[in-house]
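Visitor: Build me a structure from this.
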Amino acid sequence: MENILTHSFPSGQTLTLYHGDLTLEKVDAIVNAANEHLAHGGGLAAAIVRRGGRVIQQESDAWVKQNGLASHIRPALTGPGQLPCRAIIHAVGPVWRGGIQSEDDDLRAAYTAALKLAHAQHFAVIAFPSISTGIFGFPVARAATIALHAARDFCAAYPTSPVREIRFTLIDQPTVNVFKQAFQELQNEQ
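Guide: Here you go, the predicted model:
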């Protein structure tokens, strides 16, 4: 993992940008960019199951059977299988439909709900991917700004939260570059 940027808040909480493989993160929780059925057949979700084992899909299926579909405002929590993290939060981001069907609000809700679940679970460090920007087609620059603003607003609303570090761990350099620009814009807003 390569730490690209860190942004600190007065509360002592930090946002960090890493270039690396999310499935290798040794944190309290990683966030999976999931669909509402928690069917981990493609993209990051498939990579998580490949590396962590089928038990992740089995626990996801059991979660859906017990709780119904996951949503933007209701992420799922499963064990990590063989991954080095303690848990996986399965956040459901929106499919991009041109920006006319509340995609921005739904993406923000997905990040916020995952952070609130991490808070409730007393996790200190959570690592996110870029939710919805892969097979769901959400424009990366737009998504990066939404993600960072959701994280900033969470830290402002919950300055004493157990969540002390919010990471964005991104595997591909183009997405890292876009998030780096969004981080710099966020720092300029302060």
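Visitor: could you pull out the helices for this structure?
Guide: Taking DSSP state H as the criterion, the chain contains helices spanning 43-52, 55-67, 103-120, 140-157, 173-189.
Visitor: so where's the chain shaky on pLDDT?
Guide: Within the chain, the segments meeting pLDDT under 70 span 190.
Visitor: Spatially, what comes nearest to the one residue sitting closest to the centre of it if we skip its sequence neighbours?
Guide: By Cα atoms, centre = their mean, the chain has its centre lying nearest to residue 128, at 3.0 Å. Closest residue to residue 128 apart from its sequence neighbours, by Cβ to Cβ, 6 or more residues apart in numbering: residue 31 at 4.6 Å. (C-beta placed from N, C-alpha, C; glycine too.)
Visitor: cool, residue 27 as well?
Guide: Nearest to residue 27 is residue 125, by Cβ to Cβ, 6+ apart, at 4.2 Å.
Visitor: on that earlier part again, quick one, which of the helices of the chain is nearest to residue 84?
Guide: Closest to residue 84 of the helices of the chain is helix 43-52 (Cβ to Cβ; 9.4 Å).
Visitor: Please report the distance of the residue nearest to residue 27 from residue 26.
Guide: Separation of residue 125 from residue 26 (Cβ to Cβ, to the nearest Å) stands at 9 Å.
Visitor: out of these two, which sits in the busier spot?
Guide: residue 125 (21 against 12; other Cβ atoms under 10 Å).
Visitor: which residues sit in contact with residue 141?
Guide: 178, 181-182 (Cβ atoms under 8 Å, 6 or more residues apart in numbering).
Visitor: same thing but 10 Å
Guide: Contacts for residue 141 (Cβ atoms under 10 Å, 6 or more residues apart in numbering) come out as 133, 175, 178-179, 181-182.
Visitor: Of these, just say which sits nearest to residue 59.
Guide: Closest to residue 59, out of all of the contacts of residue 141 and judged by Cβ to Cβ, is residue 133, at 25.3 Å.
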